[in-house]
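Asker: this is the structure alone, sequence omitted:
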Ligand code: S3P
């Protein structure tokens, strides 16, 4: 919605410059859109999506990047490209410790790139080293989902070595119990439900970004 409005405003008011675009956005159906517009223009750090397998990091990340007009990158894809093999092959050949080592290095490299949207593998943020680096240079968002939602998205889909188990749903539940308190340290959280479209989640992230920018503005004011 915002995107459509912003694009239309930009095209229509281009001859009158930036101020006209802001004016046009203020006329949009909700003022919230305007503050989301602010968030769109202020992505100066990479936005890191964290959360368990199946929470939608890659699908949401791609859409979010398009809305923000920035690039998108997926750490698992980058690991596979760097290793020249699939993620299950990396696990098979180097074990989980080898995978984690490569994952930390790849994410560190990606965080040194331009501001963009980065979807991480579900275990990445659990590493204290990765977490510290994300905290230092990026903005983290936890896509939280309940067990049924996650299960509905990963059940029967190959490519996730940790779920190659007797009872993959039970493994997913164990990972939730162990990891959710850690994901909760992200800068903010957005809920992803099976019935929500990815666009709804993208909107919620944009609102979270706007709120974060507002909060930072207030903190700065308090310091002055
Ligand atoms: C993992 C999640 C996977 C992948 C690897 C390990 C994890 O990524 O990095 O299989 O530890 O949760 P997705 O979360 O994108 O499925």
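Answerer: That came in fine, so what should we check first? The model shown is predicted, which means the values in this text are computed figures rather than measured ones. Residues are numbered from 1 along each chain as shown.
Asker: buried set for stretch 100-113?
Answerer: By 16 or more other CB atoms under 10 Å, the buried positions in stretch 100-113 come out as 100, 102, 103, 104, 106, 107, 110, 111. Backbone N, C-alpha and C define where each C-beta goes, glycine included.
Asker: whoops, I mixed them up, stretch 177-193
Answerer: 179, 183, 186, 187, 188, 189, 190, 192.
Asker: where strands are concerned, which of the residues you listed count?
Answerer: Among the buried residues of stretch 177-193, the residues falling in strands (DSSP state E) are 188, 189, 190.
Asker: next SSE downstream of the longest strand along the chain?
Answerer: Assignment by DSSP E gives strand 138-144 as the longest strand of the chain. Remark: after strand 138-144, the chain's next helix or strand is helix 147-154, criterion DSSP states H and E.
Asker: contacting residues around that following helix?
Answerer: Contact with helix 147-154 is made by 52-56, 160, 163, 168-169, 172-173, 176, 192-194, as judged by CB atoms under 8 Å, 6 or more residues apart in numbering.
Asker: rerun that using 7 Å as the cut-off
Answerer: With contact meaning CB atoms under 7 Å, 6 or more residues apart in numbering, helix 147-154 is reached by 52-55, 160, 163, 169, 172-173, 176, 192-194.
Asker: name every strand pairing with the longest strand of the chain and say which way it goes.
Answerer: strand 46-50 (parallel), strand 188-191 (parallel) (DSSP bridges).
Asker: number of nearby residues for residue 142?
Answerer: Counted with other CB atoms under 10 Å, the neighbours of residue 142 add up to 26.
Asker: start at 69, not 1
Answerer: Right, with 69 as the first residue, what we last looked at is residue 210.
Asker: in whichever strand or helix holds residue 270, what's buried?
Answerer: In this structure, residue 270 sits in helix 266-291 according to DSSP H and E. Across helix 266-291, burial judged by 16+ other CB under 10 Å covers 269, 270, 271, 272, 273, 274, 275, 276, 277, 278, 280, 281.
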